[in-house]
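Q: have a look; sequence and predicted model below, questions after that.
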Amino acid sequence: MNLIRAKSIEKGWDLKLGELARIWKGGCIIRAVFLDRIKKAYDRNPDLASLLIDPEFAKEMVERQSAWRRVVTLAINAGISVPGMSASLAYFDSYRRDTLPANLVQAQRDYFGAHTYERTDMPGFFHTEWFKIAKQSKI
């Protein structure tokens, strides 16, 4: 829904997400009851940025996240690929954070290509000789 919403805004389509949920209900493999809940969320707030901030969906997500984490952990430990569940859990975790671990990606880019990185504690762009540091510390 967030992707559809973003493209609708970008293209000026003015899509009504609640109405889309209602339309999809006919013959859709997604359970109709769930689509009714999505429609109700957008009826409550047509400008809803994400279902994750709808009070009813947010409450349910918080209540069920420990079970969700257990299932993903059990699957990973059993060597079972659950890309949809693990990616959606990562999205859920990312959506709730003020800052994200992009610093790791920046550090990797800097290590492999001296692309520099930014820090959160001071302005500017930095480069580190990662290999030299690793060699000196015998990592």
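A: Now that the structure is in, tell me what you want to look at. Just so you know, these numbers come straight off a predicted model, no measurement behind them. Numbering: from 1, shown residues only.

Q: ok, longest helix in the chain?
A: Ranked by number of residues, the top helix in the chain under DSSP state H is helix 55-77.

Q: against which helices or strands is that one packed?
A: Using 3 or more Cβ pairs under 8 Å, 6 or more residues apart in numbering; DSSP states H and E, the elements in contact with helix 55-77 are helix 32-44, helix 83-95. For glycine as for every other residue, the C-beta is placed from the backbone atoms N, C-alpha and C.

Q: report the buried residues of the first one.
A: It refers to helix 32-44. Neighbour-count burial for helix 32-44 flags L35, R37, I38, K39, A41, Y42 (criterion: 16 or more other Cβ atoms under 10 Å).

Q: over to the last one?
A: Neighbour-count burial for helix 83-95, counted by 16+ other Cβ under 10 Å, picks out S86, L89.

Q: residues making contact with it?
A: Helix 83-95 has contacts (Cβ atoms under 8 Å, 6 or more residues apart in numbering) with S50, L52, M61, Q65, W68, R69, V71, V72, A75, I76, L100.

Q: ok, now how distant is the fourth one from D93?
A: Applying Cβ to Cβ, to the nearest Å, one obtains 9 Å for the distance of Q65 from D93.

Q: identify the contacts common to the two.
A: Jointly contacting Q65 and D93 under the rule Cβ under 8 Å, 6+ apart is no residue at all.

Q: any idea which residue sits dead centre in the chain?
A: Nearest residue to the geometric centre of the chain (Cα atoms, centre = their mean): Y91, 1.9 Å.

Q: check which residues of the longest helix of the chain are buried.
A: For helix 55-77, by 16+ other Cβ under 10 Å, it's F57, M61, V72.

Q: no more questions from me, cheers.
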